[in-house]
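> A predicted structure for the sequence below; I have some questions about it.
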Amino acid sequence: MKSHYEILAPYRQQYQQESNEPDLISPEARHKYAMFVKGNDHLINGRTYCSKDEDGNYISCFVSQYSDIIERNLEPGIRKAVLSLHEKGYLTFTSCQGHDDSRHRYIGVLFNTKEQKHDFISEVDKLDCNVYWYDNVLNSVERPCTESEWWDDGGMTVHIVYDDKKFHEVPQQKCRENPYTDEELTKFWNIQSNRNYSHYECIVFSFGYPMVETSFWKAVKKYFFYDQTKVNAAYSDFLTKVDNLSDYLA
């Protein structure tokens, strides 16, 4: 019997307006459809995604935690931690269990204010779970992310194309190279998070290893001596302590 999470047919990229969905003419409608209805229809070797672009990069659809499809869009190796944060009221916007080409296991969390974000960081640090923070995710016009060092291809960048009807056909890397505005990002995250915020703050935390190393030699050491047991131990420790976090009520 095939798993509930297996893909039953080969994927054909088909993100287009159907004849019975005439209202998908605005960015809001298209993003809402992607986040609540379409999601990612690939789950191969634990990776959830919807297509690969012309450069071979995986394209993943953002999915709302308030949708009926959220659980099957969470990768198995990170699903329990993400759902545990949801139970505490936290807003997540991205996650990854780690893969051969990108071994970081991480979760991204959204907040309304910097104070809320800093409180969360402080609380998680007190849990002492061997997690690392990455605060260089945004690439908006107002808050551009800084480039990683030449020797470290780590980290990640939020990539949206808010006003392009064919945004799922735009190569991922090109999305990252074309910053959106904070206003566009706020509209996007309000759809995903079912909120009406006028501002967002975000943070990503990874288990066992930082997303970006602070020196060339640390990056080399991680590359050659990466230890998956460190990641698993940090993740398991977090799962046993996550209930100690305060609820997010904003």
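Sure, I can see it. Numbers count the residues shown, from 1 in each chain.
> Could you pull out the buried residues of the host helix or strand of F238?
Assigned by DSSP states H and E, F238 belongs to helix 228-241. For helix 228-241, burial by neighbour count (16 or more other C-beta atoms under 10 Å) applies to V231, A234, Y235, D237, F238. In short, each C-beta sits where N, CA and C put it, glycine included.
> what is the mean pLDDT for that helix?
Helix 228-241 shows a mean pLDDT of 98.
> Could you list every helix and strand in contact with that helix?
helix 79-87, helix 114-127, strand 201-207 (3 or more C-beta pairs under 8 Å, 6 or more residues apart in numbering; DSSP states H and E).
> between the first one and strand 201-207, how many degrees?
If I follow you right, that is helix 79-87. 150 degrees (axes from the mean of the first three to the mean of the last three C-alpha atoms, to 10 degrees).
> and helix 79-87, which residues are buried?
Those would be R79, A81, V82, S84, L85, H86, for helix 79-87 by 16+ other C-beta under 10 Å.
> What about the nearest residue to the first one once chain neighbours are set aside, how many residues nearby?
Meaning R79. Nearest non-adjacent residue to R79, counting by C-beta to C-beta, 6 or more residues apart in numbering: E71, 7.0 Å away. Under the neighbour criterion other C-beta atoms under 10 Å, E71 is assigned a count of 15.
> can you check I59 too?
I59, neighbours per other C-beta under 10 Å, totals 21.
> likewise C202?
20.
> Quickly name whichever of the buried residues of helix 228-241 is closest to H199.
F238 (27.6 Å; C-beta to C-beta).
> Identify the residues contacting the closest one.
A81, L127, C129, V131, F207 (C-beta atoms under 8 Å, 6 or more residues apart in numbering).
> Buried only: go through those for me.
A81, C129, V131, F207.
> For F225, see how far away the residue nearest the centre of the chain is.
With distances taken as C-alpha atoms, centre = their mean, the residue of the chain nearest its centroid is T94 (1.6 Å). As for T94, its distance to F225 is 27 Å (criterion: C-beta to C-beta, to the nearest Å).
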